[in-house]
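# fold the following for me, if possible:
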Amino acid sequence: MSHNEDKLYPWVDINPITSYHSQGHSFLDRSTKIMVSDQAQEPQMSIIDVPKVGAQSRVTCKVKYTCSSAPPALSLNGIPGTDRTIDSLLSDGIWERTIERTWNVEEDHKKVECTVRYPGGQSAKSELLLHVESFRVLAADVPRRFNALTRSCVVIPCSFQDDEDQPLTRGIWYKKTGGLVYHNARSDVLDQFKDRTKILGNLDEGDCSLEIDDIKPFDNGPFCFYGEKGTNKYRFNNSCVFIVMKASPEKPVMSLVPAQVNAGSTVNVSCSVSHSCSSHPPKFSWSVPYVNNEVSDTEMSRGVWKTTSTITFVVAGGDGQRNLNCTAIFWRGKNETRTFKLIVEGTTAYQMQKAIPVVIPVVILVLILFAVLLGIFFYRKRDVNIPHTPKISLG
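Numbers count the residues shown, from 1 in each chain. The predicted model follows:
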């Protein structure tokens with residue numbers, strides 16, 4: 001305290017060094033007053049994320065200082081976690097040191113304490129009470145890993161069991177690293193997920209399946225589900241999923257077709273592809289015109305579907321090798337094609353067979369016409385050869 005309110009005078013000589021302390025010298029005079037305190041300033045503490053049991057949260061502790069060459073030391077106690085320290089210049093000569101701790105919240109976490117220690121030996125403490133939101137823990141069924149096609153959509157299967165009569169009033173999906181992925185209050189959702197997520201299932205029936213549309217390469221999660229009934233929070237075991245990104249879709253699988261087919265024959269063929277976007281299944285395009293097309297969807301495993309297109313087509317004429325193409329077009333445009341090579345035979349016979357229904361009626365018509373003309377000819381000839389009896393007149 002002996003130097004409290006002392007003034008420091010920096011001496012700046014505006015003349016060359018040769019005139020220093022010479023008679024009639026001039027200099028610029030400025031002063032700085034030193035304010036000395038014998039007590040350390042208490043650090044300031046705050047919570048960044050609302051602490052919820054089972055989720056991650058962050059707490060910060062800050063203190064200002066003026067000795068940048070020997071900054072104070074900050075430490076946090078009461079909760080385990082990982083720290084990062086940041087030093088920021090607030091104004092001329094005024095610095096701020098911040099320590100930020102990230103930790104996994106548990107129900108018995110009640111308070112956190114921050115201590116600041118200065119190189120001169122002074123120290124101070126602050127304490128922050130943690131109002132931890134507790135959850136009732138239920139069981140859920142969510143796959144740990146799930147495949148998704150980028151730019152398409154994915155429907156993450158999710159189900160849970162609740163033995164209470166009152167159903168969940170809200171289902172929420174969040175990133176395990178922090179931030180909401182789906183919430184019925186749009187403003188609470190992270191910007192990069194707004195208008196891309198929705199719960200497809202009925203919470204009253206224990207279905208919490210989540211659709212993420214227009215999948216981005218960074219949408220890998222992990223994503224976790226929890227629920228609410230009014231002010232009560234419900235956390236679920238086995239409720240987190242990691243998304244495995246796929247840049248290219250599955251190649252479709254085509255059923256066996258005879259390697260050699262006759263022109264004009266009828267062929268049935270199926271083309272199927274697996275996917276994880278049940279809300280927008282793939283469409284199919286064929287390289288041949290078909291007379292019938294049946295599309296079916298089958299769940300192969302939890303959340304993984306197979307869509308199948310079965311067509312009936314008539315083999316066109318033209319002997320030789322032909323390509324039969326089936327293209328699966330996935331939601332938002334990505335596609336894959338499977339090709340099967342056919343050997344077409346019997347075109348000449350097929351063309352003759354096609355001509356028969358036309359030739360026979362023409363021949364019959366010609367024969368009928370010929371018969372009619374022939375009948376007319378003989379009728380006229382007979383009429384000429386019949387002798388005429390003379391008429392006798394009685395007088």
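
# quick one: average pLDDT of stretch 58-76?
Across stretch 58-76, pLDDT averages out at 90.

# residues in contact with it?
For stretch 58-76, the external contacting residues (Cβ atoms under 8 Å, 6 or more residues apart in numbering) are 40-41, 43-49, 79, 83, 85, 87, 90, 93-103, 112-119, 126, 128, 178. Bear in mind the C-beta positions are built from the backbone N, C-alpha and C, glycine included.

# of those, keep whichever come out buried.
40, 43, 45, 79, 95-103, 112-116, 118, 126, 128 (16 or more other Cβ atoms under 10 Å).

# returning to what we had before: from the contacts of stretch 58-76, which land in strands?
44-47, 83, 85, 87, 90, 94-103, 112-117, 126, 128 (DSSP state E).

# domains for this structure, by residue range?
Here the domain parsing of the chain from automatic domain parsing is 1-36, 44-129, 135-246, 253-347.

# out of these, nearest to Gly375?
Evaluated over the domains of the chain, closeness to Gly375 peaks at domain 253-347, with 40.3 Å, by Cβ to Cβ.

# residue contacts, the residue nearest to Phe160 when sequence neighbours are not counted?
Nearest residue to Phe160 in three dimensions, chain neighbours excluded: Ala140, at 4.2 Å (Cβ to Cβ, 6 or more residues apart in numbering). By Cβ under 8 Å, 6+ apart, the contact list for Ala140 reads 158-160, 208, 225, 236-239.

# which strand residues bridge the nearest residue in space to Ser46 that is not next to it in sequence?
Using Cβ to Cβ, 6+ apart and skipping residues adjacent in sequence, the residue nearest Ser46 is Thr60, 5.4 Å away. Counting by DSSP bridges, Thr60 forms beta bridges with Ser46, Glu100.

# and Thr60, how far from Ile94?
18 Å (Cβ to Cβ, to the nearest Å).

# with Glu205 instead?
59 Å.

# check Tyr65 too.
Taken as Cβ to Cβ, the span from Tyr65 to Ile94 is 8 Å.

# let me know the pLDDT of the spatially closest residue to Ile156 that is not a sequence neighbour.
Excluding its sequence neighbours, the residue lying closest to Ile156 (Cβ to Cβ, 6+ apart) is Leu210, at 4.7 Å. For Leu210, the pLDDT comes out at 96.

# mind listing what Leu210 touches?
Contacts of Leu210 by Cβ under 8 Å, 6+ apart are 155-156, 158, 173, 181-182, 197-200, 223, 225.

# in a helix, Ile376, correct?
Yes. Checked against DSSP: H, G, I helix; E, B strand; the rest coil, Ile376 lies within a helix.

# report how many residues lie close to it.
Ile376: 10 surrounding residues under other Cβ atoms under 10 Å.

# circling back: out of the domains of the chain, which is closest to Ile368?
Comparing the domains of the chain by Cβ to Cβ, domain 253-347 comes nearest, at 30.0 Å.

# chain center to the closest one, what's the gap?
Averaging C-alpha positions (Cα atoms, centre = their mean, to the nearest Å) puts domain 253-347 27 Å from its chain's average.

# repeat that for stretch 193-201.
10 Å.

# again with stretch 154-161
15 Å.

# buried residues in that stretch?
Those would be 154-158, 160, for stretch 154-161 by 16+ other Cβ under 10 Å.

# ok, stretch 278-290 next?
278, 281-282, 284, 286, 288.

# mind putting those into TSV with distance to Val315, secondary structure and pLDDT?
Listed next are these as TSV, based on distance: Cβ to Cβ, whole Å; DSSP: H, G, I helix; E, B strand; the rest coil; pLDDT from 0 to 100:
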residue	distance to Val315	secondary structure	pLDDT
Ser278	35	coil	95
Pro281	29	coil	96
Pro282	26	coil	97
Phe284	19	strand	97
Trp286	13	strand	96
Val288	8	coil	93
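
# want to throw these into CSV with distance to Phe146?
Shown next, in CSV, are the buried residues of stretch 278-290 (distance: Cβ to Cβ, whole Å):
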residue, distance to Phe146
Ser278, 12
Pro281, 17
Pro282, 18
Phe284, 24
Trp286, 30
Val288, 36
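
# out of those residues, who's nearest Arg136?
Among those, and counting by Cβ to Cβ, the member closest to Arg136 is Ser278, at 30.1 Å.

# now that closest one: how far from Ser152?
From Ser278 to Ser152 the distance is 12 Å (Cβ to Cβ).

# output the below-cut-off pLDDT ranges for the stretch 101-250 of the chain.
In the predicted model, the stretch 101-250 of the chain carries pLDDT under 70 at residues 107, 134-135.

# all strands of it, in order?
Taking DSSP state E, counting those that start in this stretch, the strands of the stretch 101-250 of the chain run over residues 111-117, 123-129, 135-141, 145-149, 154-156, 159-160, 170-175, 180-182, 197-199, 210-212, 223-229, 232-246.

# point out the most buried one among those.
strand 154-156 (a mean of 23; mean count of other Cβ atoms under 10 Å).

# given it, what are its sheet partners and their directions?
strand 210-212 (antiparallel).

# and the strand it pairs with, how far out from the chain's middle?
7 Å.

# now swap in stretch 247-260 and tell me
26 Å.

# list the contacts of Gly186.
Slight slip there: residue 186 is Arg, not Gly. So Arg186 contacts 194-195 (Cβ under 8 Å, 6+ apart).

# over to the one 4 residues further on?
With Cβ under 8 Å, 6+ apart as the criterion, the residues that contact Leu190 are 175, 179-181.
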